[in-house]
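Trainee: Below is the sequence, then the predicted model.
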Amino acid sequence: MPLNKTPLHQLHCDADADLTDFNGWEMPVQFDSIRTEHVAVRESVGRFDVSHMGEVRVDGPDATELMNVLTTNDVEKLDAGDAQYSCILDDDGILLDDTVVYRYPDRDGYLFVPNAGNDERMANRWSEAASRRDLDADVENVTEETGLIAVQGPDAVETVDDVAAESVGDLGRFSTIRTEIDGVDSLVARTGYTGEDGFEIFFPASESEDIWQTFSDVQACGLGARDTLRLEAGLLLSGQDFDPESEPRTPLEAGLGFVVDLSKAEFVGKEALVEQEDDGLDEEMVGIRLEERAIARAGYPICKDGEEVGHVTSGTMSPTFDVPIAFGYVETEIAEIGTEISVEIRGREKSATIADQRFLNTLETTSEE
Amino acid sequence: MEFTVPDELRYAESHEWIETTDGNVRVGISDFAQDELGDIVFVDLPSEGDELDRGEEFGVVESIKAVSDLYSPVAGTVTAVNEDVFDEPELINESPFDDGWMMELEPSEGTDHLLSPEEYRDQI
């Protein structure tokens, strides 16, 4: 199957970016170096092409009810222009995807953003649920006609303010406005996937090149830096840290209970989660800090006293803290922060410690010698 | 993108280079290889005195993106390893043919089986 390409693909090729296959999309993994791009976002500002993410629009009198039954967070809490992080589960409470649900600021209805490659499946799921439950809602997969870039970092406000028709500095976290970016009608959201302040900007796909060029002074960043940034920030990656096939997990196991509202009357997967909450967890997601120089990569065994007690789902060398960090699932008994463990890397056990997975908030930068 | 392929070196298909001086050889990875790997963060190298066969794994180089085994281009005995790259693995990115060298061997065979610079240029 040929890979999907974002509307910016040619510009990325012209920029000599390294490309990679990511969930069916040919995407830039790095433009300069992962470290350079990572540092730009932590210290100033970076721009990302994230047009591979899905966009599904949900309209109609029963749109709220449909959204509420298919996602775990309480959609009724959203005022116009608000956004919320949420989970999409199957009947067994297993994570199919995570998503951000946006209630439009300027019109009725919702936009939600499934992960790359999941848009069709999720749009179908929404349509089928609407017809099965006899809900009056229109579901439209608008992934192809929608461009999406992220502008992230401490200087993101200044950067976007320079080209936005209205000031974006007062926009709250997880809030959106409809405005023009360099004359292009856009939905600007104060959301992101880096642990920094910043924006995600939705616009018509046909305007993608103009919008990208508008930010030509900003460091272009690829999926490599996106991965190191999200890992430092403690943010999970759908399809890797949980996946209905290869890593079936409930949001409680994945540490996403904070976006599960069990007080809602009904949502798909709720019964399974209520049961799991009563029974307690066998395994859960933890942060891991390696004490030796090696990278704990997906699939590596986690051991305690010679016994395998879990496995790694994501890992990298933290460019900010210069220590190897990882996420993994371990047996709940050893999930406490500070527990000494080891990670088996190429046949050798490397010492490690269970850590708060929000490394960005808890680790300290090592001073340059 | 143009990669540096110094004329005075010989190359393995697995992207190591070899430099022969006074009968000893020095080994590292090519400019192409360091670029493919990206930011290198960790290197594992053999100990002095280790004996290596041709094509034997002698270490590991790990970047943020990927981990890659290193293969000895010739058979021989390790006489030195570059300790600097343990503390500053980025030397391999910055200076793959000089400061980023990895080990020296007393070879027990010649280098005729390796690629010439022209042959290696064709491969990459």
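Mentor: Happy to help now that I have it.
Trainee: And the residue of the stretch 251-369 of chain A closest to chain B?
Mentor: Nearest residue of the stretch 251-369 of chain A to chain B, counting by CB to the nearest CB: A:M317, 4.0 Å away. Heads up, the C-betas are built off the backbone N, CA and C, glycines and all.
Trainee: beta partners of that residue?
Mentor: Beta-bridge pairing of A:M317, defined through DSSP bridges, involves A:P324.
Trainee: now swap in A:E140 and tell me
Mentor: A:R57.
Trainee: how many other residues sit next to it?
Mentor: 16 (other CB atoms under 10 Å in any protein chain shown).
Trainee: With the one 4 residues further on instead?
Mentor: Residues near A:E144, counting by other CB under 10 Å, number 13.
Trainee: so it sits in a helix?
Mentor: No - under DSSP: H, G, I helix; E, B strand; the rest coil, A:E144 falls outside any helix and is assigned coil.
Trainee: can you pull the contacts of it?
Mentor: Applying CB atoms under 8 Å, 6 or more residues apart in numbering or on different chains, one finds that A:E144 lies in contact with A:A205.
Trainee: Next, it: phi, psi?
Mentor: phi -70, psi -30 (degrees, to the nearest 10).
Trainee: hmm, back to that, pull the contacting residues for the residue of the stretch 251-369 of chain A closest to chain B.
Mentor: Going by CB under 8 Å, 6+ apart, the list of residues near A:M317 reads A:T228, A:I295, A:V323, A:P324, A:I325, B:V41, B:F42, B:I64.
Trainee: excluding its backbone neighbours, what's nearest A:I288?
Mentor: A:A326 (4.2 Å; CB to CB, 6 or more residues apart in numbering or on different chains).
Trainee: The one you found: what secondary structure?
Mentor: strand.
Trainee: Next, find the distance separating whatever residue of chain B ends up closest to chain A from B:V67.
Mentor: Nearest to chain A, among the residues of chain B, is B:V41, at 4.0 Å (CB to the nearest CB). Counting by CB to CB, to the nearest Å, the separation of B:V41 from B:V67 is 10 Å.
Trainee: Look at these two and report which has more neighbours.
Mentor: Set B:V41 next to B:V67 and count neighbours by other CB under 10 Å: B:V41 wins out with 25 against 16.
Trainee: does that one sit in a helix or strand, and which one?
Mentor: Assessed by DSSP states H and E, B:V41 sits inside strand B:40-44.
Trainee: Just give the strands next to the helix or strand following that strand in its sheet, each with its orientation.
Mentor: The helix or strand immediately downstream of strand B:40-44 is strand B:51-52, counting by DSSP H and E. Here strand B:51-52 is paired, per DSSP bridges, with strand B:76-81 (antiparallel).
Trainee: hey, C-alpha coordinates of the strand it pairs with in PDB?
Mentor: Taking Å, rounded to 0.1, in the frame of the first residue of the first chain, the C-alpha atoms of strand B:76-81 are listed here in PDB:
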ATOM      1  CA  GLY B  76      42.900  -9.200  15.100                       C
ATOM      2  CA  THR B  77      43.600  -8.300  18.700                       C
ATOM      3  CA  VAL B  78      42.300  -5.100  20.300                       C
ATOM      4  CA  THR B  79      45.300  -2.800  21.300                       C
ATOM      5  CA  ALA B  80      43.400   0.300  22.200                       C
ATOM      6  CA  VAL B  81      39.900   1.700  22.500                       C
END
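Trainee: Return the set of buried residues in the following helix or strand past that strand.
Mentor: Counting by DSSP H and E, the next helix or strand C-terminal to strand B:76-81 is helix B:84-87. Neighbour counts over helix B:84-87 (16 or more other CB atoms under 10 Å in any protein chain shown) mark B:V85 as buried.
Trainee: just checking, what packs against the very next helix or strand once past helix B:84-87?
Mentor: Proceeding N to C from helix B:84-87, the next assigned helix or strand is helix B:90-94, under DSSP H and E. Packing partners of helix B:90-94 (3 or more CB pairs under 8 Å, 6 or more residues apart in numbering or on different chains; DSSP states H and E): strand B:40-44, helix B:84-87.
Trainee: I'd like the ones you listed as TSV, with mean pLDDT and distance to A:G306 appended.
Mentor: Shown next, in TSV, are these (pLDDT from 0 to 100; distance: least, CB to CB, whole Å):
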stretch	mean pLDDT	distance to A:G306
strand B:40-44	93	23
helix B:84-87	94	28
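Trainee: I'd say the residue nearest to A:I288 and A:L290 touch.
Mentor: Yes - assessed by CB atoms under 8 Å, A:A326 is found in contact with A:L290 at 7.0 Å.
Trainee: When those two are compared, which one has more neighbours?
Mentor: A:A326 (27 against 24).
Trainee: and the gap between that one and A:V29?
Mentor: Distance from A:A326 to A:V29, by CB to CB: 19 Å.
Trainee: How about A:L231?
Mentor: 15 Å.
Trainee: Between those two, which is the more surrounded one?
Mentor: A:L231 (26 against 19).
Trainee: Assign a three-state SS to that one, would you?
Mentor: Strictly by three-state DSSP, A:L231 counts as helix.
Trainee: How about the contacts made by it?
Mentor: A:L231 neighbours (CB under 8 Å, 6+ apart): A:S314, A:G315, A:T316, A:S318, A:I325, A:A326, A:F327, A:F359.
Trainee: Pipe those into TSV and attach pLDDT per row.
Mentor: Formatted as TSV, the contacts of A:L231 follow (pLDDT from 0 to 100):
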residue	pLDDT
A:S314	98
A:G315	97
A:T316	96
A:S318	96
A:I325	98
A:A326	98
A:F327	98
A:F359	97
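Trainee: What residues are bridge-paired with residue 28?
Mentor: Picked chain A for this. Under the criterion used here (DSSP bridges), A:P28 is bridged to A:L19.
Trainee: that's the wrong chain, I wanted chain B
Mentor: Per DSSP bridges, the residues bridged to B:G28 are B:W17.
Trainee: Distance of it relative to B:A12?
Mentor: With CB to CB as the criterion, B:G28 and B:A12 are 11 Å apart.
Trainee: Compare the two (neighbour count), which wins?
Mentor: Set B:G28 next to B:A12 and count neighbours by other CB under 10 Å: B:G28 wins out with 28 against 23.
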